[in-house]
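**Q** no sequence on this one, just coordinates:
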């Protein structure tokens with residue numbers, strides 16, 4: 001009786017296993033038979049970076065964002081040399097009456113660190129992790145093609161490999177460049193991944 005029962009259980013388990021393998025997609029079933037681990041890659045909906053640049057200073061009324069209106073609550077990173085000097089948070093902003101369409105007066109507070117009476121460029125929404133990223137000295141930055149004459153405002157090593165992975169450049173973009181704005185400057189934002197080609201994320205036009 002015990003031998004008959006054990007044999008019935010074995011036959012039942014064999015049927016279940018065969019049915020389960022038959023119900024798998026062919027690729028997954030083959031992987032299971034071969035003893036491989038199947039990795040499913042999922043493409044996430046990561047948010048696209050929208051970096052913008054502000055000049056921050058402890059002097060009242062002197063802090064300003066250029067070309068792109070700041071967003072209340074955003075935290076930016078100000079840096080000098082290879083140090084993260086301070087993280088600042090946007091508290092509020094108003095349109096600059098001297099240049100209402102492309103600059104904004106900034107109100108901020110210091111989240112971490114201190115400006116110590118100095119004025120710095122602060123990068124917002126650039127995917128900068130203060131624990132890993134570092135500012136790259138500007139004279140060590142390898143510029144994107146056709147940007148040899150650009151003015152580098154900030155350069156960050158985003159992944160800790162010692163080279164710049166995100167740049168903010170200022171170039172002339174007046175009427176001669178086809179943008180049709182006389183005397184304008186363009187703030188450009190470029191990224192590279194592990195030494196690959198530079199890719200321009202976006203640009204803001206500053207014209208007064």
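**A** Here it is on my side, so go on. As the structure is a computational prediction, the values presented were derived from the model and not from experiment. Numbers count the residues shown, from 1 in each chain.

**Q** residue closest to the middle of the chain?
**A** residue 127 (3.0 Å; CA atoms, centre = their mean).

**Q** Over to that residue: give its phi and psi.
**A** In terms of degrees, to the nearest 10, the main-chain angles of residue 127 are phi 70, psi 30.

**Q** Now tell me what touches stretch 160-170 from outside.
**A** For stretch 160-170, contacts defined as CB atoms under 8 Å, 6 or more residues apart in numbering pick out 51, 53, 121, 123, 126-128, 132-134, 136, 140-144, 147, 150-159, 185-195, 198. All C-beta atoms are positioned from the backbone trio N, CA, C, and that covers glycine.

**Q** about what we covered before: in this structure the residue nearest to the centre of the chain contacts residue 158, no?
**A** Yes - Residue 127 lies in contact with residue 158 (CB atoms under 8 Å); the separation is 6.4 Å.

**Q** of the contacts of stretch 160-170, buried ones?
**A** For these, a burial check counting by 16 or more other CB atoms under 10 Å picks out 51, 53, 121, 123, 126, 128, 133-134, 136, 141, 143-144, 147, 150, 152-158, 185-192, 198.

**Q** now for stretch 60-67, what's the gap between its first and last residues?
**A** End-to-end distance for stretch 60-67: 21 Å, by CA to CA, to the nearest Å.

**Q** swap in stretch 54-67?
**A** Stretch 54-67: ends 9 Å apart by CA to CA.

**Q** What lies in contact with that stretch?
**A** So stretch 54-67 is in contact with 52-53, 70, 76, 78, 86, 88, 93, 96, 102-108, 115, 117-122, 124, 186-187, 203-206, going by CB under 8 Å, 6+ apart.

**Q** quick revisit: could you pick out which of the contacts of stretch 160-170 are located in strands?
**A** 53, 121, 123, 134, 151-157, 185-191 (DSSP state E).

**Q** What distance do you get for residue 69 to residue 79?
**A** 23 Å (CB to CB, to the nearest Å).

**Q** Comparing the two, which residue is more hemmed in?
**A** Remark: of residue 69 and residue 79, residue 79 carries more neighbours, 24 against 12, as counted by other CB atoms under 10 Å.
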